[in-house]
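A.B. asks: sequence first, then the predicted structure:
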Amino acid sequence: MVSLKGDTYSQAFPAQGGEFKCDPKYLIATDKSIWGTELDADRISTKYQNANVIKPES
């Protein structure tokens, strides 16, 4: 997390810059309806895929 003091952002938590605090107690349960979109096996969004979507080809 960062904090804003005046016009400067600084890391607020954890105190050490560039560190992460991974702990199950920080997990927040959210409803699947707000996740945005499902991803397929290639990590591509499936929510808006239809016949009109431009798909990358090589």
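C.D. replies: It's in.
A.B. asks: now do the SS call for Gln16.
C.D. replies: Of the three states, Gln16 takes coil under DSSP: H, G, I helix; E, B strand; the rest coil.
A.B. asks: closest to the centroid, which residue in this structure?
C.D. replies: Trp35 (9.5 Å; C-alpha atoms, centre = their mean).
A.B. asks: nearest spatial neighbour of Ser10, chain-adjacent residues omitted?
C.D. replies: Ser3 (5.8 Å; C-beta to C-beta, 6 or more residues apart in numbering). Just so you know, the C-beta spots here come from the backbone N, C-alpha and C atoms, and that holds for glycine as well.
A.B. asks: using the three-state scheme, assign that neighbour.
C.D. replies: Under three-state DSSP, the three-state class of Ser3 is strand.
A.B. asks: any idea how far Ile34 lies from Thr8?
C.D. replies: Spatial separation of Ile34 from Thr8 under the definition C-beta to C-beta, to the nearest Å is 32 Å.
A.B. asks: with Pro56 instead?
C.D. replies: Counting by C-beta to C-beta - Pro56 and Thr8 are separated by 40 Å.
A.B. asks: of those two, which one has the most company?
C.D. replies: Using other C-beta atoms under 10 Å, the more surrounded residue of Pro56 and Thr8 is Thr8, with 8 against 5.
A.B. asks: pLDDT wise, what is the more buried one at?
C.D. replies: At Thr8 the predicted local confidence, pLDDT, stands at 91.
A.B. asks: Tyr48 now?
C.D. replies: With respect to pLDDT, Tyr48 scores 70.
A.B. asks: surely it touches Thr37?
C.D. replies: Yes. In terms of C-beta atoms under 8 Å, Tyr48 counts as a neighbour of Thr37; the distance is 7.4 Å.
A.B. asks: pass me the low-pLDDT residue ranges in the chain, would you?
C.D. replies: 49-54 (pLDDT under 70).
A.B. asks: can you give me the end-to-end span of stretch 40-48?
C.D. replies: By C-alpha to C-alpha, to the nearest Å, the extent of stretch 40-48 from end to end equals 12 Å.
A.B. asks: that's all I had, so thanks and see you.
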